[in-house]
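# model this:
(2 chains)
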Amino acid sequence: MNVLINITYRGQSGNYFVNIDSGVDDQTIKNICEEAVRNGEVPGISPNIPKNAFANFVIDRFHGNQTRFVVRPKVPFGA
Amino acid sequence: MHIVFCGGGALGSHALLLARDLEHDLSVIDFDRVETKNLASQWFVKQMVGKNKATALKTQLLNFYGARLQDHAIRLTALNIETLLGPADLIVECFDNAESRRLVQDFARTKQKACVHAGLAANGEFGVVRWDKDFVIDAEDAPGQATCEGRGFLPIILRASSSLVASIQFYLADKSQVNWNISPRNAESF
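I've put the predicted structure just below:
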């Protein structure tokens, strides 16, 4: 399945398309993202990210016309 | 339509500023008081320091714009949630802790209320607007963790707040439920 991954890291954000199973586990998605960013395949995000850069990130999954995963930092605050 | 805002801090206060001309009944729930440090990141003027946030927002909207807002200067709990959120046709949740968010989410799902959430990362690097079916509650890393309350966060706070109000407008227009990803450099709806 062709999945759009929205990645945000330290205020930078970019999109990455990958053909994977939509039920893939979170850790695999994080590994894919880390490798893609390091390889410079995600426009908008500097490739100089540390190992396990997405370790504490959350993955939101949306299954619409275009399957979309959002790899993001936690967002606990509002008020 | 009755729209209830849960939380009148960084996101909630600015969202109410932007939502003031919606032709619907607005109310806000917040037990907290305005502190001097809040002036850097929340829509309060210094004359409101010491006042309850919900009441301060009501006063500011009325005095500056003639806009009406119902204030609930109390903490939302399981005991009063039916009274406070029962009349709501749309719940706008911008609390700052997982426990309160869960209370609202459980109520909205049980009562099948339309509910939209907004949240920010602690360091202001990312924000979301999510309708309840898509919302995942993130716990704070530690109780009382510092939030986007210092200087320099207003651009992303305003971007998240305006995205939230845009989603409310879309919902009011045709019941569509638009989510947003917000970063310091852009905002994307989907």
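# what is the helix ranked longest in chain B packed up against?
When chain B is parsed with DSSP state H, its longest helix is helix B:154-174. Here helix B:154-174 touches helix B:10-19, strand B:90-93, strand B:114-120, strand B:127-131, strand B:180-182, strand B:187-189, going by 3 or more C-beta pairs under 8 Å, 6 or more residues apart in numbering or on different chains; DSSP states H and E. Glycine gets a C-beta too; all of them are placed from N, C-alpha and C.
# now that helix against strand B:127-131, angle please.
20 degrees (axes from the mean of the first three to the mean of the last three C-alpha atoms, to 10 degrees).
# strand B:114-120 and helix B:154-174, what's the angle between them?
170 degrees.
# what lies in contact with helix B:154-174?
B:1, B:3, B:10-11, B:14-15, B:17-19, B:22, B:24, B:40-41, B:90, B:92, B:94, B:114, B:116, B:118, B:120, B:124, B:127-129, B:131, B:148, B:176-180, B:182-184, B:187, B:189 (C-beta atoms under 8 Å, 6 or more residues apart in numbering or on different chains).
# buried only: go through those residues for me.
The neighbour count (16 or more other C-beta atoms under 10 Å in any protein chain shown) marks B:3, B:10-11, B:14-15, B:17-19, B:22, B:41, B:90, B:92, B:94, B:114, B:116, B:118, B:120, B:124, B:127-129, B:131, B:148, B:178-180, B:182-184, B:187 as buried among those.
# restrict those residues to those near chain A?
Filtering the buried ones among the contacts of helix B:154-174 for proximity to chain A by C-beta under 8 Å from any C-beta of the partner chain leaves B:10-11, B:94, B:118, B:120, B:124, B:127-128, B:148, B:179, B:183-184.
# hey, where'd the strands end up in chain A?
A:2-9, A:12-19, A:58-63, A:67-72 (DSSP state E).
# starting at the chain centroid, how far to the third one?
Spelled out, it's strand A:58-63. 9 Å (C-alpha atoms, centre = their mean, to the nearest Å).
# what's in contact with that strand?
So strand A:58-63 is in contact with A:22, A:26, A:29-30, A:67-74, B:128, B:130, B:134, B:136, B:138, B:179, B:190, going by C-beta under 8 Å, 6+ apart.
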